[in-house]
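In: Sequence and predicted model, in that order:
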Amino acid sequence: MVDTEPTPETAPVVRYEVRDGFAVLTLDSPHNRNALSSRLVAELLDGLERAGADEAVRGVVLTHTGTTFCAGADLKEALDADPAAAADIRTRWAVQVLRRILELPKPVVARIDGNVRAGGMGIVAACDIVVAGRGSSFALTEARLGLAPFIISLTLLPRMTSRAAARYFQTGETFDADVAERIGLITSAADDAAAEVARLCGELRKGSPQGLAESKRLTTAHILAEFDRSADELAKRSGSCFGTPDVVEGMTAFFQRRPPSWAE
């Protein structure tokens with residue numbers, strides 16, 4: 001008999017299942033904190049496309065295994081690759097993922113019980129509804145690596161208050177779910193995130209597919225318009241940073257678990 005059990009190399013890192021009319025996409029790569037590797041991005045895009053094409057699916061629930069929802073870019077891949085080429089690829093991935101969530105004609109609900117960092121923050125901001133357990137934490141740490149949240153600013157800036165964005169984009173401070181709700185990054189902080197998401201999905205099922213799709217278009221049109229205006233410029237600015245002394249030092253310090261030279 002041939003063994004068909006998936007191995008760690010072949011098991012999906014984004015699991016797909018349909019529950020109660022919603023496609024549940026579970027980021028399942030806890031060994032690297034669900035970082036946006038080439039494999040995870042490809043499977044996430046495939047899952048979103050699959051959910052969009054299935055008429056029986058009313059919406060998407062995006063969730064995770066492990067203690068981290070998403071840690072942003074896979075920095076190990078970034079360090080091992082040619083900086084300029086890797087930056088261009090990661091930027092295109094970010095644009096694709098964020099646009100796919102925004103353009104999906106079905107509600108996307110994020111359920112978070114853990115940490116969200118860097119590029120994961122952009123995904124959270126792209127979702128229509130976000131519920132986070134009170135033990136969750138959030139941070140934009142790009143400045144500490146010599147970078148800035150270029151592409152993900154397209155989804156973050158329309159959601160967060162301007163004062164909060166000015167603070168957290170620059171300080172890299174960690175903040176909790178209650179603060180995330182107060183500044184507009186998430187919809188609600190909950191003692192039981194799963195129960196609250198189940199309740200909200202019940203409310204969403206009361207809307208017709210057309211009603212949900214057209215209502216979502218109203219709320220995402222201005223964000224998508226900003227993608228059309230600014231994504232190319234932001235991609236160039238992002239690419240110009242990679243390979244610079246600050247970024248090389250920032251990433252090296254990160255992997256060596258030491259402060260970068262400017263923080264010593």
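Out: That came in fine, so what should we check first?
In: can you map out the strands along the stretch 151-264 of the chain?
Out: Assigned by DSSP state E, counting those that start in this stretch, the strands in the stretch 151-264 of the chain fall at 175-176, 188-190.
In: Could you pick out the longest helix of this protein?
Out: Ranked by residue count under DSSP state H, the longest helix found in the chain is helix 209-241.
In: quick check, distance from it to the centre of its chain.
Out: Taking CA atoms, centre = their mean, to the nearest Å, one finds the center of helix 209-241 at 14 Å from the center of the full chain.
In: Tell me the buried residues in that helix?
Out: Of the residues in helix 209-241, those scored as buried under the neighbour-count criterion (16 or more other CB atoms under 10 Å) are 212, 216, 220, 223-224, 226-227, 231, 234-235, 238-239, 241. Where you see a C-beta, it was placed from the backbone N, CA and C, and this is true even at glycine.
In: tell me what that helix is packed against?
Out: Using 3 or more CB pairs under 8 Å, 6 or more residues apart in numbering; DSSP states H and E as the contact criterion, the elements in contact with helix 209-241 are helix 83-103, helix 153-159.
In: how about 10 Å then?
Out: Contact analysis of helix 209-241 by 3 or more CB pairs under 10 Å, 6 or more residues apart in numbering; DSSP states H and E lists strand 59-64, helix 83-103, helix 119-126, helix 153-159 as its packing neighbours.
In: just the ones you listed: most buried one?
Out: Sort those by mean neighbour count, taking mean count of other CB atoms under 10 Å, and helix 119-126 sits at the top with a mean of 26.
In: downstream neighbour of that one in the secondary structure list?
Out: Scanning forward in sequence from helix 119-126, with DSSP states H and E defining helices and strands, the next element found is strand 129-133.
In: For that next one, what does the pLDDT average out to?
Out: Per-region confidence: strand 129-133 scores 98 on mean pLDDT.
In: Mind giving me the packing neighbours of it?
Out: Using 3+ CB pairs under 10 Å, 6+ apart as the contact criterion, the secondary-structure elements in contact with strand 129-133 are strand 59-64, strand 108-112, helix 119-126, helix 177-182, strand 188-190, helix 193-204.
In: Redo those as TSV? Include distance to Phe169 and mean pLDDT.
Out: As requested, those are exported to TSV (distance: least, CB to CB, whole Å; pLDDT from 0 to 100):
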stretch	distance to Phe169	mean pLDDT
strand 59-64	23	98
strand 108-112	20	98
helix 119-126	10	97
helix 177-182	14	98
strand 188-190	21	98
helix 193-204	26	98
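In: who wins for proximity to Arg99 among the ones you listed?
Out: helix 119-126 (8.4 Å; CB to CB).
In: Pull the distance from the closest one to the chain's centre.
Out: Put simply, helix 119-126 sits 3 Å off its chain's centre (CA atoms, centre = their mean).
In: just stretch 175-193 next, same as before
Out: 16 Å.
In: what comes up buried for it?
Out: Counting neighbours by 16+ other CB under 10 Å, the buried set in stretch 175-193 is 175, 177, 179-181, 183, 185-190, 193.
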